[in-house]
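In: quick one, fold the following:
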Amino acid sequence: MSNVSGEHSASGVQSVDRAVTILEILARTGESGVTEIAGELGVHKSTAFRLVSALAARGLVEQSTERGRYRLGVGVVRLAGAATARLDVVREARPLVRELARDTGETVNIAVLSEGAALYVEQEAGSAALQAHNWVGQHIPLHATSNGKILLSGLPDDGVESEVGRRLRAYTPSTVTSLPALLGQLDGVRRAGYAVAVEELEPGLTAVAAPLRNAHGDVIASLSVSGAAFRYDEAMIKSVIEAVTAAAGTISARLGWHSAQTP
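Out: Presented below is the predicted three-dimensional model:
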């Protein structure tokens with residue numbers, strides 16, 4: 001059984017590699033027919049057609065007006081736009097992220113919505129975080145983090161359920177595990193303009209987050225400050241909220257959002 005499994009795995013990887021190669025071929029040639037694509041891949045025409053059809057079903061390639069020829073589809077533009085948007089956020093935010101980490105002494109993160117989780121794309125450790133865990137590239141639960149709640153606050157209620165489901169995992173005794181309770185929290189987050197999570201993901205960790213918005217006012221990312229819970233008394237939390245929301249407002253302005261707009 002293990003050999004069969006290994007063969008299927010190798011076949012799957014080969015198919016992915018060939019599909020990516022097709023995209024590269026079309027990027028280089030502008031348009032190509034199935035026969036030409038099969039020739040470059042070194043595969044039978046039926047194999048090339050099957051791969052092109054799969055890409056076309058996802059909108060990554062499309063048939064041109066000339067029958068039998070294919071070109072890159074609008075799905076590629078959508079993916080490129082998403083990647084560009086994330087790069088823009090990180091580029092515009094990086095100076096403010098460093099400043100915020102320096103001023104608060106805490107760890108600062110930026111997260112985006114990805115695959116039903118918060119994907120961390122930028123981090124800067126402050127002086128108080130001597131051995132800060134590196135979250136960049138990791139997917140973190142949406143319902144148990146301040147960043148996650150900010151990202152969810154930009155969605156309608158049915159969108160929230162689509163992202164987190166109805167059964168929410170408890171990571172600590174403080175984690176919200178009821179969808180109605182989470183929706184109630186998100187109403188408060190939208191009104192306040194920030195989210196606070198106290199030991200909801202792991203004991204001893206507190207975090208405060210605020211939304212990063214694009215020119216249309218959409219929540220496209222979240223900016224957070226996190227640190228050891230014992231340091232976060234009422235005065236500290238108030239100070240961090242002011243710092244995070246101010247920094248998030250500045251970054252959002254750089255991304256084209258005007259604070260006078262109604263989100």
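
In: so where's the chain uncertain?
Out: 1-12, 65-67, 77-87, 129-133, 259-263 (pLDDT under 70).

In: switch the cut-off to 80
Out: Applying pLDDT under 80 to the chain flags the ranges 1-13, 64-68, 74-89, 92, 126-135, 258-263.

In: which residue ranges form the helices in it?
Out: With DSSP state H as the criterion, the chain has helices at 2-29, 34-41, 45-57, 74-104, 146-153, 157-164, 179-192, 234-254.

In: now these as a markdown table including mean neighbour count?
Out: C-beta here means a position set from N, CA and C on the backbone, and glycine is covered the same way. Formatted as a markdown table, the helices of the chain follow (neighbours: other C-beta atoms under 10 Å):
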| stretch | mean neighbour count |
| --- | --- |
| helix 2-29 | 12 |
| helix 34-41 | 17 |
| helix 45-57 | 16 |
| helix 74-104 | 16 |
| helix 146-153 | 28 |
| helix 157-164 | 15 |
| helix 179-192 | 15 |
| helix 234-254 | 18 |
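
In: export those as a markdown table, with columns for distance to residue 209.
Out: Below are the helices of the chain laid out as a markdown table (distance: least, C-beta to C-beta, whole Å):
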| stretch | distance to residue 209 |
| --- | --- |
| helix 2-29 | 35 |
| helix 34-41 | 46 |
| helix 45-57 | 37 |
| helix 74-104 | 12 |
| helix 146-153 | 4 |
| helix 157-164 | 16 |
| helix 179-192 | 9 |
| helix 234-254 | 7 |
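
In: for residue 111, which of those is the nearest?
Out: helix 146-153 (4.0 Å; C-beta to C-beta).

In: output that closest one as PDB, nothing but the C-alphas.
Out: This file holds the C-alpha atoms of helix 146-153, laid out as PDB (Å, rounded to 0.1, in the frame of the first residue of the first chain):
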ATOM      1  CA  SER A 146      -7.100  39.700  18.500                       C
ATOM      2  CA  ASN A 147      -5.800  39.700  14.900                       C
ATOM      3  CA  GLY A 148      -8.300  37.000  13.900                       C
ATOM      4  CA  LYS A 149     -11.200  38.900  15.400                       C
ATOM      5  CA  ILE A 150     -10.200  42.100  13.500                       C
ATOM      6  CA  LEU A 151     -10.100  40.100  10.300                       C
ATOM      7  CA  LEU A 152     -13.500  38.500  11.000                       C
ATOM      8  CA  SER A 153     -15.000  41.900  11.900                       C
END
